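1. build the 3D model from these lines:
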Amino acid sequence: MESVFRGVTVYVFLWLIFRISGKRTLAQTTPFELVLLLIISEVTNQAMVDSDHSVTNAFLLIMTLTGMSVLLSIVKHRSPRVSRWLDGLPLPLVRDGKLLKENMDKARVDEEEILMSARFTQGIDSMGAIKDATLENDGKISVVPRRSS
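-> Numbering: from 1, shown residues only. Predicted coordinates for the structure are as follows:
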């Protein structure tokens with residue numbers, strides 16, 4: 001039972017850490033962030049298994065973590081309010097061609113990242129060609145181009 005408690009505790013803790021760190025952490029991983037994730041996984045492993053390295057304990061932890069994921073997906077599916085709380089809402093970065101600096105600062109996104117996403121997804125190479133841009137829940141930036149008149 002201690003393994004289940006440890007698994008749930010670590011799952012909730014990691015969810016909080018990644019929720020606080022922001023959506024961009026999930027979308028783009030720099031080499032530094034990759035190393036950080038590898039270290040986190042090793043520390044998490046040690047925290048969950050303690051001194052019990054048995055296959056039974058590993059299976060129990062896998063079932064616990066998978067069960068937490070399934071449980072949260074069911075709760076999110078049934079409650080839009082809980083879903084917004086767990087996943088957040090999309091964050092507008094550009095509206096009607098104007099940069100929303102406060103939102104960009106909050107999400108730690110700069111103009112170049114918006115342009116990079118615009119080039120990649122829409123073939124747009126200037127801010128003037130962007131009507132709207134939004135930081136989605138998955139950390140990606142969606143771009144709506146201006147319509148040519």
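2. and the longest helix for this structure?
-> helix 55-78 (DSSP state H).
3. neighbours of Ala133, how many?
-> Neighbour count for Ala133, taken as other Cβ atoms under 10 Å: 31. Where C-beta positions appear, they are placed from N, C-alpha and C, glycine not excepted.
4. can you check Gly7 too?
-> 24.
5. next: Thr134.
-> Count around Thr134 with other Cβ under 10 Å applied: 20.
6. what of Met116?
-> Based on other Cβ under 10 Å, the number of other residues close to Met116 is 13.
7. over to it: give its phi and psi.
-> In terms of degrees, to the nearest 10, the main-chain angles of Met116 are phi -60, psi -50.
8. and Asp52, by the same measure?
-> phi -90, psi 100.
9. can you pull the pLDDT of it?
-> Asp52 is assigned 76 on the pLDDT scale.
10. show me what contacts it?
-> Ser3 (Cβ atoms under 8 Å, 6 or more residues apart in numbering).
11. secondary structure class of Asn137, three-state.
-> Following DSSP: H, G, I helix; E, B strand; the rest coil, the label given to Asn137 is coil.
12. residues near it, how many?
-> 16.
13. that one contacts Arg84, doesn't it?
-> No: using Cβ atoms under 8 Å, Asn137 makes no contact with Arg84, being 9.6 Å away.
14. hey, C-alpha coordinates of stretch 125-133 in CSV?
-> The C-alpha trace of stretch 125-133 is given here as CSV (Å, rounded to 0.1, in the frame of the first residue of the first chain):
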residue,chain,number,x,y,z
ASP,A,125,7.3,35.5,-42.3
SER,A,126,6.1,38.8,-40.7
MET,A,127,4.0,39.9,-37.8
GLY,A,128,1.9,42.0,-40.1
ALA,A,129,0.6,38.9,-41.8
ILE,A,130,-0.7,37.4,-38.5
LYS,A,131,-4.2,38.1,-37.4
ASP,A,132,-4.3,36.0,-34.3
ALA,A,133,-2.0,33.7,-32.4
